[in-house]
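Visitor: what follows is a predicted structure for the sequence shown.
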Amino acid sequence: MRRHAFLGFLGVLCAVALIYMMQFSTALFRREQGPDTGTLKRKELDLLDLQTRLRKWEAELDLRHKALHNKEQQEGKPSHVALETRSGQSKQNSAGPLHVETAIGPDGKPIVEADNFADLAAKPLIEAVVDEPLPPATAGTTLKFPKRQENLPKWADKLPLYDPMPKCLSGPPPSHKTRLTRRFHIDIPGPELAKLRKALCVVRYNKAIAFNEAINLFSFRYLPYLLIVDLYGNILASHTMDYLTTLVAPKWVNSTTISAIQKRYGEAPASWVARTVPFLWNVETGRTVEVHFKPPGFLHHDIDYSPISQTFLTLHRYVNKKKNSPGYNVLFDDIFEVNMEGKAIWHFNGSYHIPYIEGQWTAAGKHPDSDCVDFRVRWCRDHMHGNTVFWDQEENVIYYNAKHTDSFWKLDKANTKIVWAVGRYGNMTLYDKNGHRVEKLFKKSHGIEKIGDNHFLVFDNVYKDVNNNNIPGSRWLEMEVDPVKKVAREKRFWVAPPPRYAHQMGDADRMPNGNTLMSITSTDLLTEASMDGKIAWEMSLPAPPHGKGGKWWIYHAERFMLTPLIKMESGEENVLIRQGDATLRLLLWNTVRVRYRAKGTVQVWRSAEVIATAAFTFEINWITTKLKVDIPVDRLECGLNVLTIKCTNADDITGELPVNARYLC
């Protein structure tokens, strides 16, 4: 009887499958004939659209490469590009499937005619007044906002959104002139530029406590723009891509070049990632480089580039079918180092080193994750969901953060092994700020950053304050790790007050003055806060005009400076010099946050002569660089000496600090 029941059930199942296949075949036939596709099921339509778009994009890409190759052959140019440095040194990349774009001006000539930065440095520097009208460019796309409804938690409607935010500041006073001593590339046409500028709403700017030397760099999750914006909301530079193409995780490689992931999106939510490639953009020349290759899975969330080895560190996601979990497909992350030819030269296997454990997996709900939908699989569990690969190139280690494990790892890259881990999957005992032992220090975190020896900064997305009815908030969290005692402790943190909350994405970066810049993605806010919790600067992006649920989605923002920053260790710019103590104690920061120790030079000038010189290397990631410079007293006069301290980085960019030195002879 059981056998008959089973056969009956199997027959019904086969009949249902046959009917479904007939409907799908009929819909496919109707689609080919060209009638209305409104009768098609959503899944079928998504799949057909995805296949059509993929074929179209591949054909367009092939045509572009063929046209570029033919043009280069006619002009006698090589099929590779040089990654330029401002000092004029050119690093040649091996010939490979690279795609180069050069912006063309109204006169038909390249916007920047210099072939390398040696030619550029030889020309007079341009002083661009940012609050004057910018000339329209010829490149760009129409400002469009893809519609995407995000699923917010049930308690999200209890949080105020934009009501408490003040109105946009009126901008700098008419007498204010922000002058740039560096050439930047901008390619957004005038009408689009005006729309974007109007949307960048600076709501708070306290100059007394803000990091005033900073300029912002950020991109959008669903908009084809990469922008450089000052603290008043003025757009200084831009890179525009095709519609449904965005850049993810932009980071500085040096003072002029940015690395990122270029993503081509699909129209339907279930096919939103069609192509991901490493990407480089020179902010001064506008030149771009794309490295095309076929990785396992696809690139996501984060990427890093080393100008020393000329390789990318990439984060890949793939499906490991039913790995250690009967009945489930499991998403894993792998980390690859890829050269400019698109060849993998190093590999960290996530499924081997961080295996799936059934009882330990506690991601956001048991429902299928949206990232699983991208792979067209059912019953999928996004095990790791990595979002950060911080490549400390000086120590050759990687700090990898995985959102769904509430943990981050230190990886020994040379030996491809785990050194230690902090979090639920870690081997550290965890203590909060009050010394109480806890199960975890952060939840769904993003953006792990090294800010000192065994000191780390993380964006903690979901922090529940027991003193505030356990309503979740987002915070930056500074931690100290003791690898010998296997202990991790909270050092300090700041919880952003409502409506500043990011239930997904987000980032936190430490500034040279001690402030922290937070990218609070879900509420489209960039917030700079001081150590004592005062908001120093804030920019809000009101919801785009395409209905409920639309957002700009700034995943994370980077800060940089036009020139290296110099401060006196004493905090004063008036110093006393004696016979037995003729030393200047300096604090230095490079123009950008990079993960390797860049070279620098300090010169001390008196009148028109150099009286002292010192060579050094910057600490990584804007960790403060301390330097002592000995001053020969025989080059000073008794009494007041007006000195100028000049710091020049490896990209030949110089910052200055005037100092009044009183020599007691």
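Guide: The structure has been received and is ready for your questions.

Visitor: all strands of the stretch 201-350 of the chain, in order?
Guide: Chain-ordered strands for the stretch 201-350 of the chain, with DSSP state E, counting those that start in this stretch as the definition, fall at 201-205, 215-219, 225-229, 235-240, 245-252, 257-264, 275-282, 288-291, 298-306, 311-321, 329-339, 344-348.

Visitor: what's the answer for the stretch 401-550 of the chain, then?
Guide: Secondary structure of the stretch 401-550 of the chain by DSSP E, counting those that start in this stretch: the strands cover 407-412, 417-423, 429-431, 437-438, 446-452, 455-464, 472-482, 487-495, 507-510, 516-520, 525-529, 535-540.

Visitor: contacts for the shortest one?
Guide: Right, the one you point to is strand 437-438. Contacts with strand 437-438, where a contact means CB atoms under 8 Å, 6 or more residues apart in numbering, come from 429-432. (C-beta placed from N, C-alpha, C; glycine too.)

Visitor: 6 Å - rerun?
Guide: Strand 437-438 is touched from outside by 430-432, with contacts defined as CB atoms under 6 Å, 6 or more residues apart in numbering.

Visitor: cool, and the first one?
Guide: Strand 407-412 is contacted from outside by 397-401, 418-426, 448, using CB under 6 Å, 6+ apart.

Visitor: again, but for the last one
Guide: Under the criterion CB under 6 Å, 6+ apart, residues 165, 201-206, 209-210, 515, 525-530 lie in contact with strand 535-540.

Visitor: max pairwise distance over these: which two?
Guide: In terms of CB to CB, those reach their longest pairwise distance at 201 and 530, which sit 21.3 Å apart.

Visitor: show me the shaky parts of the stretch 451-600 of the chain.
Guide: For the stretch 451-600 of the chain, applying pLDDT under 70 flags the ranges 465-470, 542-551.

Visitor: just to revisit the earlier point, which ChimeraX command selects the buried ones in the contacts of strand 535-540?
Guide: Selecting the buried subset of the contacts of strand 535-540 in ChimeraX, with 16 or more other CB atoms under 10 Å as the burial test, is done by:
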select :165,201,202,203,204,205,209,210,515,525,526,527,528,529,530
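
Visitor: by neighbours, which of the contacts of strand 437-438 wins?
Guide: Across the contacts of strand 437-438, the neighbour count under other CB atoms under 10 Å reaches its highest value at residue 430, namely 20 neighbours.

Visitor: quick one: which of the strands of the stretch 401-550 of the chain is nearest residue 624?
Guide: Sorting the strands of the stretch 401-550 of the chain by CB to CB, the top spot, which is the nearest, belongs to strand 446-452 at 8.9 Å.

Visitor: can you get me the start-to-end distance on stretch 428-440?
Guide: 10 Å (CA to CA, to the nearest Å).

Visitor: the closest residue to residue 454 other than its chain neighbours: how many residues sit nearby?
Guide: Computed as CB to CB, 6 or more residues apart in numbering, the closest residue to residue 454 that is not its neighbour in sequence is residue 481, at 4.6 Å. Neighbour count for residue 481, taken as other CB under 10 Å: 20.

Visitor: and what of residue 348?
Guide: Here the count is done by other CB under 10 Å, and residue 348 has 24 residues near it.

Visitor: turn the strands of the stretch 401-550 of the chain into CSV, including distance to residue 332.
Guide: Formatted as CSV, those follow (distance: least, CB to CB, whole Å):
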stretch, distance to residue 332
strand 407-412, 14
strand 417-423, 15
strand 429-431, 25
strand 437-438, 28
strand 446-452, 19
strand 455-464, 22
strand 472-482, 25
strand 487-495, 25
strand 507-510, 23
strand 516-520, 26
strand 525-529, 32
strand 535-540, 36
